[in-house]
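# how would this look folded up:
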Amino acid sequence: MDSLLSIDRSVFLSINLLPHTAVTDWLALFFSGAGTAGFIWICIAVVLFFNEEKKNHRFFLPIALALGASWLLVERMLKYAVARPRPHVLDGALIVGSASGFSFPSSHAAVSWAMAVVMTRYEPRLRCVWYLLAAVISFTRIYLGVHYPLDVIAGAAIGWGIGSIALVWAAPHRKKSPASSR
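Model prediction:
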């Protein structure tokens, strides 16, 4: 476990200590901020809803499930159970912006990847955009010095799973086939 955490810290520093300029820091803060509490994903969902030809009254169900479950599981349960401290300047980290609480797993990553999975169901042609946005939001958390790579990877995996479960759970119930009712 110590060697894994050592690799995690090394990868963190190699990403976190990439060149920081006013432009790259502003972009990272912008995308990280847009990912806070799923704000950008909620805005995208509203736009997609109003662009639909026929309004689906269940449209927001998987979105709300994915966003709420990923945030609740990560922010209110897992972070306190694991209690991993965030990177610190004493460890060599360059901290841009601020974050509070524990580090593992990343709720920005969890929410973003859960929403990318759900948005892909609604707009599959934009799959690359959804996953790129989730990746950029996740990456910014390391670049800004507030999460280790394992925090982001775990958050992304949790989000992917929650997004997939939300889609299955919120799917319209199908009638049972005659063969299955015997």
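# mind giving me the packing neighbours of the helix or strand I162 falls within?
Per DSSP states H and E: I162 is located in helix 149-170. Identification of packing neighbours for helix 149-170 by 3 or more C-beta pairs under 8 Å, 6 or more residues apart in numbering; DSSP states H and E yields helix 2-16, helix 60-71, helix 107-122, helix 127-143. All C-beta atoms are positioned from the backbone trio N, CA, C, and that covers glycine.
# most tightly packed of those helices?
Highest mean neighbour count of those: helix 107-122, a mean of 27 (counted as mean count of other C-beta atoms under 10 Å).
# run the angle between that helix and helix 60-71 for me.
Orientation of helix 107-122 against helix 60-71 (axes from the mean of the first three to the mean of the last three C-alpha atoms, to 10 degrees) gives an angle of 160 degrees.
# tell me what angle helix 107-122 forms with helix 149-170.
Following the same axes, to 10 degrees, one obtains 40 degrees for the angle between helix 107-122 and helix 149-170.
# how far out from the middle of the chain is helix 107-122?
Its chain's average C-alpha position is 6 Å from that of helix 107-122, according to C-alpha atoms, centre = their mean, to the nearest Å.
# over to stretch 88-108?
Distance, centroid of stretch 88-108 to centroid of chain: 16 Å (C-alpha atoms, centre = their mean).
# then stretch 84-98?
Mean-position distance between stretch 84-98 and its chain equals 20 Å (C-alpha atoms, centre = their mean).
# from the opening residue of that stretch to its closing one, how far?
Its start and end residues considered, stretch 84-98 measures 16 Å (C-alpha to C-alpha, to the nearest Å).
# low-scoring pLDDT stretches of this protein, where are they?
For the chain, residues meeting the criterion pLDDT under 70 lie at 53-55, 172-182.
# swap the cut-off to 90 and go again
Per-residue confidence for the chain (pLDDT under 90) gives these ranges: 1-2, 37, 48-60, 89-94, 97-100, 122, 170-182.
# OK, contacts around I63?
The contact partners of I63, taken as C-beta atoms under 8 Å, 6 or more residues apart in numbering, are W41, I42, A45, M115, V118, A166.
# pull the most distant pair out of those residues.
Greatest spatial distance in these: I42 and A166, 14.6 Å, computed using C-beta to C-beta.
# to L27, which of the helices and strands packed on helix 149-170 lies closest?
Closest to L27 of those, according to C-beta to C-beta: helix 127-143, at 8.0 Å.
# could you dump the contacts of I63 into JSON lines and include distance to D151?
Listed next are the contacts of I63 as JSON lines, based on distance: C-beta to C-beta, whole Å:
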{"residue": "W41", "distance to D151": "19"}
{"residue": "I42", "distance to D151": "23"}
{"residue": "A45", "distance to D151": "25"}
{"residue": "M115", "distance to D151": "18"}
{"residue": "V118", "distance to D151": "22"}
{"residue": "A166", "distance to D151": "22"}
